[in-house]
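A.B. asks: pasting the sequence and the predicted coordinates here, then a few questions.
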Amino acid sequence: MTEHDLIKLLTRRLPGNDRVVLGAGDDCAETAILPGSRTLLLKTDAIVEGVHFEPDAPPEKIGHKALARCLSDLAAMGGRPECALVTLGLPAVPDPVKIQRIYDGLNALAERYEVAVVGGETTRTPRSLLLSVAVLGYAPGDGGVRRSGACVGDALFVTGSLGGSLAGRHLDFEPRVAEALWLTERFRPHAMIDISDGLARDLTRLASASGVGALIDADFIPVSRPARERARRRTAAKPPLTAALTDGEDYELLFALKREDAVTLKDHWNRRFPATPLSLIGRIEAAEGLRLKRNAGVSAIGELDGYDHFS
């Protein structure tokens, strides 16, 4: 059973109510608590020692990553984060110095994005340290940006660079909250997702949710410098392009925008976020499936082998 299969099984019969605007299946859930008020975005995520970080990882980076993953999902919906709850699971006797350093990393990121950490839970685990974070935020005025709105002819953009997670970037990435708030307010993408399981897999998810396909150009995919350097040193198991397509934990924004806005967006983006590259990597097509243009040829590539917890 893959992670996708497990999620389908678990979400098949989830209870709901008339305040649920968007349930399981996107980057965040969306709910309407009070009539006429802005809708709320809710997200929870967990990181586990030995799965998402190694035992010798710097504690501050563990805390940073735990919160940053949730903030990245809110960014993918165009949301503004407001508050967080933290569940800490510890094996054996707690090391107070290490735990404080973990919270130092988490708190520093929370303060940077004005997120209030309002409580949580502590518990004991059999072996590994676990850190689970739940974040609540506000959706844009007209609701969160979903994965399911891409239209044929839309331009496909990605922020930053891809394929650097194995070089350590997965522990210190910056969630694209500011970029997403600006983007959603001024251009409102038709569909958006954050890249957590690899460009190929997450683009497949966006396209599938929208009932469309996508064509991406290998020459325009922003491969990270660490991925290229690992390949030059022959310490990488994958070619740089394959790493960019499949490594995952890039936490960059991938979004579909109407083609007519592409040039204007690039001009404004480069002035507003000069330190964050924005790459036009392809377009949305009518025929379902993911295709890659490379060396003057086009081939179907599917979602490839992005990250899966259970395969």
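C.D. replies: Nice, thanks for sending it over.
A.B. asks: ok now stretch 133-147, how far from the chain's centre?
C.D. replies: With C-alpha atoms, centre = their mean, to the nearest Å as the basis, stretch 133-147 stands 13 Å off its chain's centre.
A.B. asks: in it, which residues are buried?
C.D. replies: 133-140, 143-147 (16 or more other C-beta atoms under 10 Å). For glycine as for every other residue, the C-beta is placed from the backbone atoms N, C-alpha and C.
A.B. asks: my read: Cys151 touches His190, true?
C.D. replies: Yes - counting by C-beta atoms under 8 Å, Cys151 does reach His190; the two are 5.4 Å apart.
A.B. asks: common neighbours of the two, please.
C.D. replies: Common neighbours of Cys151 and His190 are listed as Ser210, Ala256, Lys258 (criterion: C-beta atoms under 8 Å, 6 or more residues apart in numbering).
A.B. asks: check the last one and give its pLDDT.
C.D. replies: It refers to Lys258. On the pLDDT scale, Lys258 is placed at 97.
A.B. asks: residues in contact with it?
C.D. replies: Cys151, Gly153, Asp154, Ala155, His190.
A.B. asks: where does the stretch 201-311 of the chain dip in pLDDT?
C.D. replies: Residues of the stretch 201-311 of the chain that meet the criterion pLDDT under 70 lie in 236, 304-311.
A.B. asks: pLDDT below threshold where in the stretch 1-150 of the chain?
C.D. replies: In the stretch 1-150 of the chain (pLDDT under 70), no residue qualifies.
A.B. asks: tell me where it has strands.
C.D. replies: 20-22, 29-31, 40-48, 80-90, 116-124, 130-138 (DSSP state E, counting those that start in this stretch).
A.B. asks: ok, the longest one: who's next to it in the sheet?
C.D. replies: Its sheet considered, strand 80-90 pairs with strand 116-124 (parallel), strand 130-138 (antiparallel) by DSSP bridges.
A.B. asks: let me have those in TSV, extended by distance to Glu49.
C.D. replies: Formatted as TSV, the entries for the strands paired with strand 80-90 read as follows, by distance: least, C-beta to C-beta, whole Å:
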stretch	distance to Glu49
strand 116-124	14
strand 130-138	7
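A.B. asks: which of the shared contacts of Cys151 and His190 sits closest to Ala76?
C.D. replies: Ala256 (12.3 Å; C-beta to C-beta).
A.B. asks: that closest one is in contact with Cys151, isn't it?
C.D. replies: Yes - if you go by C-beta under 8 Å, Ala256 and Cys151 touch, sitting 7.2 Å apart.
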